[in-house]
Every structure is written in structure tokens, then in C-alpha cells.
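Participant: Build me a structure from this.
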Amino acid sequence: MPPPRLAGSTRLPLSPAHARALSSSPPSRAPHLLDGMPRRGGADPLAHLPPALAGFVRARAAGRAAPCRFSYGNALAACVPAASAGAHAAALALAFAEQLYCAAWKDGLAGDAYVCSAAVDLLAKCGRLGDALRAFEDGDRLSAVCWNAAISGAVRNGEHGVAVEMFGDMVRGPCEPNSFTYSGALSACAAGAELAVGRAVHGMVLRRDPEYDVFVGTSIVNMYAKCGDMGAAMREFWRMPVRNVVSWTTAIAGFVQEEEPASAMVLLSEMVRSGVAINKYTATSILLACSQMSMIREASQVHGMIMKTELYLDHVVKEALICTYANVGAIQLSEKVFEEVGTVSNRSIWSAFISGVSSHSIQRSIELLRRMFRQGLRPNDKCYASIFSSVDSIEFGRQLHSLVIKDGFVQGVIAGSALSTMYSRCDDVEDSYKVFEEMQERDEVSWTAMVAGFATHGRSVEAFQLFRSMVIDGFMPDHVTLTAILSACYGPECLLKGKEIHGHILRFYGDETTSINHCLVSMYSKCQDVQTARRIFDGIPCKDQVMLSSMMSGYATNGCDEEAISLFQLMLATGFQIDRFVCSSILSLCAHMARPFYGKQLHGHATKVGLLSDLSVSSSLVKLYSKSGNMDDSRKVFDEISVPDLVTWTAIIDGYAQHGSGQDALAMFDLMIRCGVKPDAVVLVSVLSACGRNGLVEEGLIHFNLMRTVYGVEPVLHHYCCMVDLLGRSGRLAEAKSFIESMPVKPDLMVWSTLLAACRVHEDAVLGHFVENKIREDSYDSGCFATLSNIRANSGDWEGVMEIRKSVKGVKKEPGWSMV
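Facilitator: Numbers count the residues shown, from 1 in each chain. Predicted coordinates:
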């Protein structure tokens, strides 16, 4: 009977990755070790084999002893270390194992529990789960050792469902599970977050073996902790009569996973008082807890505990210490630990230190990166990803991109996602998408980052297409992805797409949309469907501050000022705290609605709760007082700002310009330039308006001529219109006309209307008639008719007035309005 092939079909379902691995397994090219002994005088081909395997081959070839179950089992077990020594060594070890298994089959020992469990264990550790399960089916089904090897092998290969199914088959059969079986099944439940199945296994353990050992108890604690039920985990933990370092570490790691670092620190204190010494896994877990709450003092205490043991010599512990100090902002301590290592030859320690430094100082991380290169070491993909997250220069990012290509990380998930995000952050969406397309493997994070990149840069169509591809590829979008794609819906043209995404959310998540309800409100508001936004808002029973802020912002952006104010008053009445976003939005509304008294009250509230330190709030206050003509209070608020941004400078300059203080506006502009703030097109409109309203013709011409050469701003129609107004107000109408004719862009109605208004003020009927003909060539509004009529009337041309009034019939006049 021929031996079975290890690449045939399997009874249990396998993942696509395992199916590919089985179908693409290369043929073995190892020497046939069992054919005989090598000739004398030649090189010994068995010298590089493990002693147990080489001894088995020599004994079999010499015929000194009949093969037995133990010799086969020991020889198969000897192949396991070689299988993890590298790709070539693993291929040889598998080939030797196949030869041994065939020989055991010929000798009738393939079904022996000792041989079968060794073969299953080896194949599972090599990623050949399908072959391992076929070897298991040829083995002793009454042996718990074989079952344990198969179940643990399935867990090791990520097939948690297979492991749970096999455990169920074992329990229903004649073979009685032992503590190793329970541990394997509980590990499968923990890895797959199968809390219900884990509870069932726990109940079975209590019924069949109520006095279970610390090994099983720790597995139960681990299962509950990994499934997020720390209450049940700690009840089981304190129930255990004996707790070893693994038990304590498992419970501590559970609190860290649930982001309860304080509870983890308390448990560590109990562990130390119990006389249990920490190991490297305890140290790394508790250091991660210190990172979560920026506990520098506690991290230093743990550092002291580590120094008293040999753990300080462990590279993993050193890496955790460096990362912890960097994450809590103690860069000097992080660097001290790094320098204490001496000549660092471990690239993971280098990478950990550079990653920690990059979030605080990109220049320092670049220096360390160069130093690392000089020592002949290369960073890992996590280090590159950390640096990319801090890079804001696309030129430097491209240089790092070339290094990532050389080191072979560009197609990986970690470095590839960070690189794509870096390009998107530097406003190069095309290169960002190119990197994304080149990635051989993508996860939810990389998909979400690319969708967010398109949405941030206003590429809604590409964002929708990519989101659709993500769903088709089998990825379930989480709340982060849904937030990103909802932000791409902007404007009435995106309303239908927004509704489709809303339907997708309801179909897959039902009523569990609490975390993205405010995004839905914002989406409908941005798409100008305030009624639907309000219906979603009213349908939420428990509204938080984010939800109220989203609805207020929606009202404000759609011109529903009164509704926004009413909602703000409701927010105050219900006891919500006013944050900087809400305060800034309401102050902007007060400025728009000309309600300075209401804004002054909010100013007092902002001062009381300490919001004036925020730049957005202070800028809104400057704008509020400027628009209401209270330039003294506006200047007081401005002077209290330590580092004003361009928006704040623009608000104060525009305030002076609008209220006739041209010299003050120019003085503030000069101060802004001296402070190193680069002007933009908006602030230059305010400067030119200030010159025009105050007759500062020469100053206005100087600033206009400096726009391209010094400020680097290309003039647009608004700037040209300000210059026409400047020249027209000063009576230089011919010069204004020449200026318009020399414009590099076609003058629009606003430019001609400005000159026409100047013609009326200075009673220049001839030029007014010329401008009238220019306006008639293009579209014109009712305001131009009124100006033309007044010019004719001032010059005594009453026939012209009657002609204009006749032609005004059929033209719709916009109604006037007053803020009083």
C-alpha cells in the first residue's frame, strides 16, 4: 500500500492563505537520507543534521536496531528547530520529515500517537495545516496527544474556527480532553473573540475537572481578558488558589488591552507584594500601561525594578523602555536609556528610539537615522512609518521614499500606508494613490487613509469609487472609514451618494450608529438638507456635546442663524460645557447677525472658562468687535494674543479699513510683515480698500506693485477693482480707465460699476457714457441703471434719464434690507 500524499484534500475547511500554501508547495529536493550510508572517504552528508535525526539515519542504514515509535518520534521532533532556521533550512526539514513519515508508514507506525503528534506538530509549525490535519486523520483518534497537537496547530495558523470545531468533535467522541486540550480550545476562543464559546468551554472545565491547575486557570483568564470581559477575568483570577507569573502577566495585559492602565498598576503592586518576580512580558505590558496615561513617575519605578534583574539585558525590554519614555514626552530619559546600551547593533532598538523621537523632533530623528546608516544598520518598517507620520516636506519625503524602496518595505502595509498618507498630507494625492496601488497587501487602515486623503482634498468622486472597491474586496468599513467617506459628501450634488452611504450604515450596523450620528448630521448639513439633519438629531435620545456642535454648525453654514442661537441657548440651559469650537462658531454668528451685546456676554463666559487662549476664539472676538465698529475692544483682544495667525491679522486690518482708519490698517499690515507673517490675497484686499477709503493713493499703488514681486500673490479681479476704486475716489478717472484697459484679465461688471460710481461722484458724464456702453455689452443689474440715471440727471440730460427709465422695465430689482 503506497504511503499517503501530504498534499491531498482535507476534511476540514481551510483559509484561502492555507489553500494557496498547499497548492504552491514546492517539490522536495532533499537527499534521500534513508537509502543507505555514505561511502567511506567522502564527505558526511549527515554532519549538518540534528544529532537525533542523524543518529536515526545511521542506525537504520546500519541495521543495528529495528525502528520503533520513539525513534521515529524523536527524529521528527528533531526537524522542528531546523524548520524555523530559515527558508532553505525549513524546506529541507520538511523534505526530511516527509521521508521519515513515509518510512514510518511502511513500518506501520504512522498511526502511533507518538509519531502522529510529532508529525502534526512539525507540519503545523511550518504553516502546512492541511498536511498536519491529514496526518492527524491517519493517527490514533483515542490519543489526547494527537488531538492537542492538531488543535494547537490550528490555533497557531489562525484557524480558530477549525480549532473550536475539532474540540467539539473530541468532546463528543470517546477521547477525554486534558488540561492541554482545554488550554488550546480557550486560546482559540481568545484569538477569535468567541466569548460565548469560551464560556461554554469554561463551564465544561468546571463540570469535568473542578480542581483544574494553574495552566488551565490562566487560559480562562486570558480568554475573558482577550474577549473584553475583565470582570469575569478577574473573578477567575482571584479564584485561582495558585498564581504564577504568567497568570499575573495575563491579567495585567488584559487591563492594558482595555486601556485601564491604573488598574494594571494596582495589579502590579499586588503582584510584587505577593513575592512573584516579573518577567519580560510583565515589564513590556506595564510599560505600555505607563504610555497610555503618560505616567513618567510610574515608568521610572518600573525602570528601577528592571535594573535590579537581568531583564535589562533583554532587547525587547530596552525597546519598550525607550518607546515608553518617548511616548510620555521624556525624550531625555529615552535617549539616556538608548545611550546606556552602548554600541547598539540591534536595529529594533534603533528603530524604536528613532520612532519615539520623530513625533517630537523630526530633525533629531533624521540625525539619528544618518547615524544608524553610518553603523551599517537599516531601520525597520515601523521606524519608516513613524518618520513618515511627522514629515511635512514632500522633497524630504521623496528621499525617504527611495530608501524604503531599497529596503523592500514600499509594498508592505505598515510603511506603504504611512508613505501614502505622507503624500496626501503634503497635498500630492496623485503620488499618494500611486503608492496605494503598488501595495501588494492592504488592510482597513490603508483603505481608510486613502479614502480620507481623497475626501480631504475635495476629490469626492474618487473617494466614493475607492470606498466601493473597499467594500467589494471584502473589507467591512468601521466608524473611522465611515467618518472619512461622509466627509466627502459636500454640496447638493453629493446628497444622493450621502443617502446611499447612510443606507449602507443602517443595513450593516442598524441602530448601533452612535459614534457616527454627528457625522450624518454634518453630512446632510453640508449637502444643504437641514431638515433631514434635524430629523436625525431629534431621533437621538442622548445627545452629547459633539452632536449639538454638529447641528449648530449645520444651521450656521446654511444661514439658519436664529435656529443656531436657539440651540446654543438650549445647550447652555442643559449644562453642557462650551468648548472652543462652539464658542468660535457662535461668536462668528453674532458678528454676522450684528449682535455685539450677545457676543460681549459670550466674551465674558469665554474669559471665565479660559477659552481666550484659543486662537480661533480670540480671532472670532476680534472680528466681532471690528464688524460692530468697536475698534478699541477689538484691539484690546488682539493685543492679548501671543502669536496671531493670518486670519487674526486680517480681521484687525479689515476692521480698521472698514471704519476709516486707513493709517492704522497700514501700520498693522507693516507690523504683520515684520512679525514674519506672509500675506495672502484676502488681507491685501483689505489693505487696498483701506488706501482707497482714506485717499492714500500712492501707498495703495506701492502695495499693489509689491504684490507679485515681494508678497508672491497674483492679483485677481478683487484687487483690480480696489485699484479702480482707489483712483476713482481720488478723481483720477482717466488713469482709472487706462488701468482697466491695461488689466491682464477681462474686467467684469464689478470693475465697470466701480468706475461708473466714480463717474457719478465726480460728474463725468462723458466717461460715464463710455462705461455705460461697456456695461450694456455684458450683463448688468438694476444698480447700474440707477447710477446711470443719476449721472444723466446731474448733467441735466433729462431725455437720457427717461430713456434709461424706459429700458429698466422688465429688469428685476433686488429688494433692499436693513439690519435694524
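Participant: hang on, isn't R534 packed against M551?
Facilitator: Yes. Between R534 and M551 there is a contact under CB atoms under 8 Å: 7.2 Å. Glycine gets a C-beta too; all of them are placed from N, C-alpha and C.
Participant: Neighbour count for these two, which is higher?
Facilitator: A direct count of neighbours by other CB atoms under 10 Å for R534 and M551 places M551 higher, at 26 against 19.
Participant: and D213, what does it touch?
Facilitator: The neighbours of D213, taking CB atoms under 8 Å, 6 or more residues apart in numbering as the test, are S179.
Participant: no wait, P492
Facilitator: P492 makes contacts with 527-529, as judged by CB under 8 Å, 6+ apart.
Participant: Neighbour count and secondary structure added to those, as CSV?
Facilitator: Shown next, in CSV, are these (neighbours: other CB atoms under 10 Å; DSSP: H, G, I helix; E, B strand; the rest coil):
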residue, neighbour count, secondary structure
C527, 23, coil
Q528, 16, coil
D529, 18, coil
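Participant: what's the closest of these to F475?
Facilitator: Closest approach between these and F475, by CB to CB: C527, at 25.5 Å.
Participant: any idea how far that closest one is from E493?
Facilitator: According to CB to CB, to the nearest Å, C527 and E493 sit 8 Å apart.
Participant: Tell me which stretches of the stretch 701-820 of the chain form helices.
Facilitator: 717-729, 733-741, 749-761, 765-777, 782-794, 798-807 (DSSP state H, counting those that start in this stretch).
Participant: quick one: V276 from L506, how far?
Facilitator: On the measure of CB to CB, V276 and L506 end up 50 Å apart.
Participant: Tell me how far stretch 727-741 lies from the chain's centre.
Facilitator: Computed by CA atoms, centre = their mean, to the nearest Å, the chain-centroid distance of stretch 727-741 equals 55 Å.
Participant: Show residues contacting that stretch.
Facilitator: With contact meaning CB under 8 Å, 6+ apart, stretch 727-741 is reached by 692-693, 695, 697, 720, 723-724, 747, 751-752, 754-755, 757-759, 761-762, 764, 767, 770.
Participant: Now with 6 Å, please.
Facilitator: 692, 695, 697, 724, 747, 755, 758, 762, 764, 767 (CB atoms under 6 Å, 6 or more residues apart in numbering).
Participant: Please give me every residue in contact with the last one.
Facilitator: Counting by CB under 6 Å, 6+ apart, L767 makes contact with 733, 759.
Participant: got any ranges where the protein has weak pLDDT?
Facilitator: Applying pLDDT under 70 to the chain flags residues 1-67, 69, 71, 78, 80-93, 341-346, 511-513, 776-820.
Participant: Which one of the contacts of P492 is nearest to S402?
Facilitator: C527 (42.1 Å).
Participant: which element is the nearest residue in space to that closest one that is not next to it in sequence on?
Facilitator: Nearest residue to C527, sequence neighbours excluded (CB to CB, 6 or more residues apart in numbering): L495, at 4.1 Å. Assigned by DSSP states H and E, L495 belongs to helix 495-509.
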